[in-house]
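[1] Below: sequence and its predicted model.
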Amino acid sequence: MKPTFRALSDAERRAIAGAAFELLEKVGGRWTTGVLTLVRGEERTQEESDAPDVLDPFTHRRRACEADDVRRNATLIDALPNISFTTASGLVADCSPGVADRVSLAQCLMNSTKPVLAMPVTLQALVDSHRMAALAVGGEDALRAEPVVIVYSEPVSPLVYPDESVRKLLYCAEHEVPLVYTPYAAMGGTAPMSQASIVAQMCAESLSGLVVHQLKRPGASYVFGGMPSIMDMRTTVFSYGAPEFQLGNSLMAEMAHYFRLPNFGTAGTSDSQVFDGQAMLEATSSCLMAALAGANLVHDVGLLGNATVVMPEMIVATDEIIDMVRHLLGKVSVSERTLALDVIREVGPGGEFVTHPHTLRRFRDVWYPGMLYRGGARGWSESELTTFEQRVNARTRELMASHQPEPLPEAVSEQIQGIVARAEV
């Protein structure tokens, strides 16, 4: 039996679903042209964004993200066996802001064989992204059969649906491009200070997108989700590492199971501003919670500093965390063969199993770390005395420098880059 986490009873799931439906019926939402009024006289234009900074593993400096950082991160993720897809991994500062989303997608498509979570800001950016993805796999029919890009779009909490995000939602439905439509909110800031209430609000926000999406094209691929966090009242930060954030993501996974929808999860994140013990603690607990809750498409690995900085070293460390968690939560096989009573009888009281053939046959079944240290005190004293952080940094730099992703045909890469170049004009 595989371990699972469930915080809500059937009755509590029904109550949250009922609250979401009541919000949609009695409160509704605001469909806007992209401008959200916060306070009388103040306005904010809603746009999707990613982390503006990167923590450079070669210089250890935090700086603005550049296109080459996206390339290196895509190459890194291509090399890691437990990371299933890549993202833009940062806002690109060394190009025109209007094409940064397409520059990032181009780097991911050309430097990784794994699917990409694309974050086009405008409808035109989505159209360009769709064309780039089709080029990468050999055309529209091939893209529908093998969707290498999934598009991220979002409402604005509470219950606001910007025109641009809805246009992208409708485009994805019409063209059969898989879509994630997921809000991000913080208790006390953009949602009530209540775990149950923020989950109900986010269910309403994501489900309303589902209705519009399915009315456009019934059966089109849609991923339900929500990132329910807190506004820390001591700092006003919207946390990316708080236990309430991790619990909220798990509750959204539970509600996705209730609605029988695929779920967009979050893990491998932290509020730490550097790659340190706090980053590892929060990333590990978030990965464990995501696995226990049964989240499906889990994103934002390596996004730290309250979602303001990408840390490549954290991506590498989380690859090992995921491997460990999968082993930890794997099914325990209980059978005549695995109970191995014949082996215990053969060895007998006071015997040893080191030289027994059973050990030789089965010793690879346990989990062996790639970067965690198990060498003992003597081995440590005779080693180079590198810390975990130093080992992860060395592994990150090595993979970035040596891994060679399978390249796209040169003509295809040129066509993809041509779409980006034309968008800059």
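    Ah, there it is. Numbering: from 1, shown residues only.
[2] gap between L408 and M132?
    Taking C-beta to C-beta, to the nearest Å as the measure, L408 falls 11 Å from M132. Glycine gets a C-beta too; all of them are placed from N, C-alpha and C.
[3] Which residues are in contact with each of the two?
    L109, I416 (C-beta atoms under 8 Å, 6 or more residues apart in numbering).
[4] residues contacting L251?
    Contacts of L251 (C-beta under 8 Å, 6+ apart): A7, L8, Q195, V199, P228.
[5] any idea which element the last one lies in?
    In this assignment (DSSP states H and E), P228 forms part of strand 227-230.
[6] for the first one, same thing?
    Secondary structure from DSSP H and E places A7 outside every helix and strand.
[7] how would you label the closest residue in space to it that isn't next to it in sequence: helix, strand or coil?
    Closest residue to A7 in three dimensions, ignoring its sequence neighbours and counting by C-beta to C-beta, 6 or more residues apart in numbering: L251, at 6.2 Å. Assigned with DSSP: H, G, I helix; E, B strand; the rest coil, L251 falls in the helix class.
[8] so who does the closest residue to L126 other than its chain neighbours touch?
    Leaving aside its sequence neighbours, L126 sits nearest to P120 (C-beta to C-beta, 6+ apart; 4.1 Å). The neighbours of P120, taking C-beta under 8 Å, 6+ apart as the test, are E48, D101, R102, L105, L126, D128, S129, V151, K168.
[9] Please apply the same query to D101.
    Here D101 is in contact with A88, A118, M119, P120, V121, A125, S129 (criterion: C-beta under 8 Å, 6+ apart).
[10] can you put these in a markdown table and add distance to V70 and pLDDT?
    Putting the contacts of D101 into a markdown table (distance: C-beta to C-beta, whole Å; pLDDT from 0 to 100) gives the following:
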| residue | distance to V70 | pLDDT |
| --- | --- | --- |
| A88 | 6 | 71 |
| A118 | 12 | 96 |
| M119 | 12 | 94 |
| P120 | 15 | 95 |
| V121 | 15 | 93 |
| A125 | 15 | 96 |
| S129 | 14 | 97 |
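[11] same question for stretch 416-424, mean pLDDT?
    Mean pLDDT, stretch 416-424: 96.
[12] Okay, buried residues for it please.
    Judged by neighbour count using 16 or more other C-beta atoms under 10 Å, the buried positions of stretch 416-424 are I416, I419, V420, A423.
[13] Please save the CA atoms from it in CSV.
    The C-alpha coordinates for stretch 416-424 follow below in CSV (Å, rounded to 0.1, in the frame of the first residue of the first chain):
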residue,chain,number,x,y,z
ILE,A,416,12.1,29.2,-34.4
GLN,A,417,14.6,31.9,-34.0
GLY,A,418,13.1,33.6,-37.0
ILE,A,419,9.7,33.8,-35.2
VAL,A,420,11.4,35.5,-32.2
ALA,A,421,13.3,37.9,-34.5
ARG,A,422,10.1,38.9,-36.3
ALA,A,423,8.3,39.5,-33.0
GLU,A,424,11.0,42.0,-32.0
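[14] Not counting it itself, show me its contacts.
    Under C-beta under 8 Å, 6+ apart, the answer for stretch 416-424 is 95-96, 98-99, 102-103, 106, 109-110, 124-125, 128, 131-132, 135-136, 408.
[15] Throw together a PyMOL command that grabs the buried residues out of those residues.
    PyMOL command restricting these to the buried ones, with burial defined by 16+ other C-beta under 10 Å:
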select buried, resi 99+102+103+106+109+110+125+128+131+132+135+136+408
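[16] Filter the contacts of stretch 416-424 down to the ones in helices?
    R102, V103, A106, L109, M110, Q124, A125, D128, R131, M132, L135, A136 (DSSP state H).
[17] Provide a list of residues in contact with the spatially most central residue of the chain.
    Geometric centre of the chain, nearest residue: H299, 0.4 Å, by C-alpha atoms, centre = their mean. By C-beta under 8 Å, 6+ apart, the residues touching H299 are T87, L117, F264, G265, T266.
[18] What's the local residue count around the third one?
    In terms of burial, F264 registers 26 neighbours under the definition other C-beta atoms under 10 Å.
[19] Over to it. Which of the three states is it?
    Assignment for F264 (three-state DSSP): strand.
[20] Thought N296 was touching it, still the case?
    Yes. If you go by C-beta atoms under 8 Å, F264 and N296 touch, sitting 7.4 Å apart.
[21] Pull up the overlap in contacts between these two.
    Joint contacts of F264 and N296 (C-beta under 8 Å, 6+ apart) are V223.
[22] got a winner among the contacts of H299 for most neighbours?
    T266 (29 neighbours).
[23] you'd agree it is up against C287?
    No. Using C-beta under 8 Å, T266 is not in contact with C287; the gap is 10.2 Å.
[24] Could you export the contacts of D101 as TSV, including distance to E384?
    Output for the contacts of D101, formatted as TSV (distance: C-beta to C-beta, whole Å):
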residue	distance to E384
A88	36
A118	41
M119	40
P120	45
V121	46
A125	47
S129	45
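[25] Quickly name whichever of those is closest to M187.
    M119 (24.6 Å; C-beta to C-beta).
[26] would you list every one of the strands in the stretch 151-300 of the chain?
    Secondary structure of the stretch 151-300 of the chain (DSSP state E, counting those that start in this stretch): strands at 160-162, 179-181, 184-187, 222-225, 227-230, 263-266, 297-299.
[27] Pull the most distant pair out of the ones in helices among the contacts of stretch 416-424.
    So, the ones in helices among the contacts of stretch 416-424 by C-beta to C-beta: farthest apart are M110 and Q124, at 21.0 Å.
[28] residues contacting T318?
    T318 sits in contact with I83, A267, G268, A283, C287, V301, G302, where contact means C-beta under 8 Å, 6+ apart.
[29] pLDDT below threshold where in the chain?
    33-49, 89-90 (pLDDT under 70).
[30] mind giving me the domain split of this protein?
    10-328+413-423, 336-365 (automatic domain parsing).
[31] quick revisit: distance of the residue nearest to A7 relative to V127?
    Taken as C-beta to C-beta, the span from L251 to V127 is 35 Å.
[32] Starting from W31, give me the distance back to A191.
    19 Å.
[33] Same drill for the two, tell me which one is more crowded.
    Taking neighbours as other C-beta under 10 Å, A191 and W31 compare with A191 leading, 27 against 13.
[34] Could you check how far V347 is from H356?
    Counting by C-beta to C-beta - V347 and H356 are separated by 6 Å.
[35] What of A7?
    From A7 to H356 the distance is 44 Å (C-beta to C-beta).
[36] The two: which has the busier surroundings?
    Counted by other C-beta under 10 Å, A7 and H356 do not tie: H356 has more neighbours, with 15 against 12.
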